[in-house]
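K.L.:
Here's my sequence, what's the structure:
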Amino acid sequence: MGYVCGTGYEQNYGGMVMLITHRAPNFDDTEFYCLCGKCDPTEMSMRIKFVERLQKLRDVLGVPLCVSDGLRCFYMQYYIICGGEPEKYYVSEHQLGNAADVFICGKNSIRHMIEVAISAIQVGFKK
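P.N.:
Now for the predicted structure:
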C-alpha cells in the first residue's frame, strides 16, 4: 500500500509519515523525495520523530533550511552512493527515513555548515 500525498491526510505506518506539513510546516514532502528519478517516492517516507526534530532545528536557527538529500531507495544507495560494489553497500539512515542532508538556504560556507551542525547537536541529533 502506498501513500497518498497532497491529499491533506496523513497515513502513518510503523512510525513513518509522508504528509509532514502539519508536523513540520517549513518543509514539504517533495523535499525529501529520493533523487534517483527511478523509484516511486510515495513508497518511502521519513520518520515522524526525525521530521519533528528537523523542524525544531529550523526553529532554533531561525532561517530556512534546504534539503539536498533526503530519502534514498535501494537503487540510489547501491549504485550511486556505493558505486554498485556489493562489498561497499550498507543500509543508510536515509533509506530508513532517519537522515537528511540540510543546509541554510543560500548559504553554504563552512561557517554556516558549522552553525547548522552545532545547532543540530543541541536539538538532539547525534554527532
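K.L.:
alpha carbons only for contacts and neighbour counts from here, please
P.N.:
Fine.
K.L.:
what number of residues lie near Arg111?
P.N.:
10 (other Cα atoms under 10 Å).
K.L.:
ok, now how distant is it from Asp101?
P.N.:
Using Cα to Cα, to the nearest Å, one gets 16 Å for the distance from Arg111 to Asp101.
K.L.:
swap in Ala120?
P.N.:
11 Å.
K.L.:
quick one: which of the two has more around it?
P.N.:
Between Ala120 and Asp101, counted using other Cα under 10 Å, the more crowded position is Ala120 (20 against 13).
K.L.:
Can you tell me the element the more buried one falls in?
P.N.:
Per DSSP states H and E: Ala120 is located in helix 110-122.
K.L.:
do Phe50 as well
P.N.:
helix 48-61.
K.L.:
neighbouring contacts of that helix?
P.N.:
Residues from elsewhere that reach helix 48-61 (Cα atoms under 8 Å, 6 or more residues apart in numbering): 15-17, 20, 23-27, 64-65, 97-99, 116, 119-120, 123-125.
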